[in-house]
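Undergrad: sequence plus the predicted model coming up.
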Amino acid sequence: MKKLNEILGTKYPFIQGGMANIATGEFAAACSNAGALGMIATGGWDGDRLRQEIRRAKELTDKPFGVNLMLMSPYADDIAQIILEEGVKVVTTGAGNPGKYIPAWKEKGIKVMPVVAAAVLAKRLDRYGVDAIIAEGTESGGHVGEMTTMALVPQVIDAVSVPVVAAGGIADGRQAAAAFALGACGIQVGTCLLASEECPIHPNYKQAVLKAKDSDTVVTGRSIGGPVRILKNKMARESAATGLDFSGGAAVSVPAFTNKATEAAQALAVLGYTSAEVAQALKGVDVETLSLEEIIRQCLKKMVK
Ligand SMILES: Cc1cc2nc3c(=O)[nH]c(=O)nc-3n(C[C@H](O)[C@H](O)[C@H](O)COP(=O)(O)O)c2cc1C
């Protein structure tokens, strides 16, 4: 079986997971330059913003990078079109079934890798001729399903004919090695990259990620059909206490955030007034903030040996 880096032409079998309002063109380019596949996340951006970010990434790297489309975005159709027009080489999709966009993307030779939380959707998407499936367990930060990475990855592998990438709860080499032992061809990582020097999040959010303990996250938004794993903060506790549910928060529920508004939302998240998406595996990096390259190497260290 081919490793993910052979499929994508990257140094490492490692995808930087799309992270709405965080993974800009600049951040994706930095991840690509560090040997991963950098992904520009589109979240609630409109098409013009995406076009600017793709062009910025092209200025900053000559390595492969891609675009992540959140299918719940009100701009999903425009974004799918801009992906075609701007010559993007790889697309990942989140939160739904990207079936209607796949034929046009495939016609342009774009590599398509949907993110799934259950084997049943993976099987359906395999029939559209996708290049790989990203199986994301509920340990991950952001929008989640119910299955754990450990249970999900082998079942997706058995259900499809294409390579499978494991995501969710991978933040060091032991977890990466486990993903490969389950049969994955590579890994997708989000949360632990939040701690990198290059990550453009508010410093308070970064510190909160570094300080968080294993049980400091919670899933909210289930009752409104948008479960999302966030830091256990004031808002999350009130949500649990009142039975009212919150979803999306800083990342996707507010369309077209400006950079300043995003920063403000992240600062508020740490104070507890909106959500900060993080995963259960927070402790993979054992020192304070590191460069992307060092974090990626730490994530793969035991595996690469
Ligand atoms: C802050 C944050 C925002 C995210 N936003 C998105 C997104 O916009 N689109 C998407 O497909 N996945 C999103 N994810 C999921 C990541 O792409 C990735 O699959 C996940 O972080 C992997 O699990 P980990 O957090 O345990 O590393 C997000 C994750 C985090 C932590």
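TA: Arrived safely.

Undergrad: so what's whichever residue of the stretch 101-250 of the chain sits closest to the ligand up against?
TA: Closest approach between the stretch 101-250 of the chain and the ligand, counting by C-beta to the nearest ligand atom: Gly190, at 2.0 Å. Quick note: C-beta positions are derived from backbone N, CA and C, even for glycine. Residues in contact with Gly190 (C-beta atoms under 8 Å, 6 or more residues apart in numbering) are Gln16, Gly17, Gly18, Met19, Ser140, Gly141, Gly142, Ala167, Ala279.

Undergrad: quick one: the spatially closest residue to the fifth one that is not a sequence neighbour and Arg127, what's the gap?
TA: Right, the one you point to is Ser140. Of all residues not flanking Ser140 in the chain, Gly168 sits nearest, at 3.6 Å (C-beta to C-beta, 6 or more residues apart in numbering). Applying C-beta to C-beta, to the nearest Å, the value for Gly168 to Arg127 is 24 Å.

Undergrad: same check on Ile201?
TA: Counting by C-beta to C-beta - Ile201 and Arg127 are separated by 38 Å.

Undergrad: now do Glu293
TA: In terms of C-beta to C-beta, Glu293 sits 38 Å off from Arg127.

Undergrad: who's more crowded, those two?
TA: More crowded of Glu293 and Arg127, by other C-beta atoms under 10 Å: Glu293, with 18 against 11.

Undergrad: need phi/psi at the residue nearest in space to the middle of the chain.
TA: Nearest to the geometric centre of the chain sits Gly17, at 2.7 Å (C-alpha atoms, centre = their mean). Here is the backbone geometry of Gly17 (degrees, to the nearest 10): phi -60, psi 140.

Undergrad: now do it, the pLDDT please.
TA: Gly17 carries a pLDDT value of 97.

Undergrad: which residues does it contact?
TA: Contact analysis of Gly17 by C-beta under 8 Å, 6+ apart lists Ala23, Met39, Asn68, Ser140, Gly142, Ala167, Gln188, Val189, Gly190, Leu193.

Undergrad: dump the residues you listed into CSV; add secondary structure and pLDDT as well.
TA: Output for these, formatted as CSV (DSSP: H, G, I helix; E, B strand; the rest coil; pLDDT from 0 to 100):
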residue, secondary structure, pLDDT
Ala23, coil, 95
Met39, strand, 98
Asn68, strand, 98
Ser140, coil, 92
Gly142, strand, 85
Ala167, strand, 97
Gln188, strand, 98
Val189, strand, 96
Gly190, coil, 94
Leu193, helix, 93
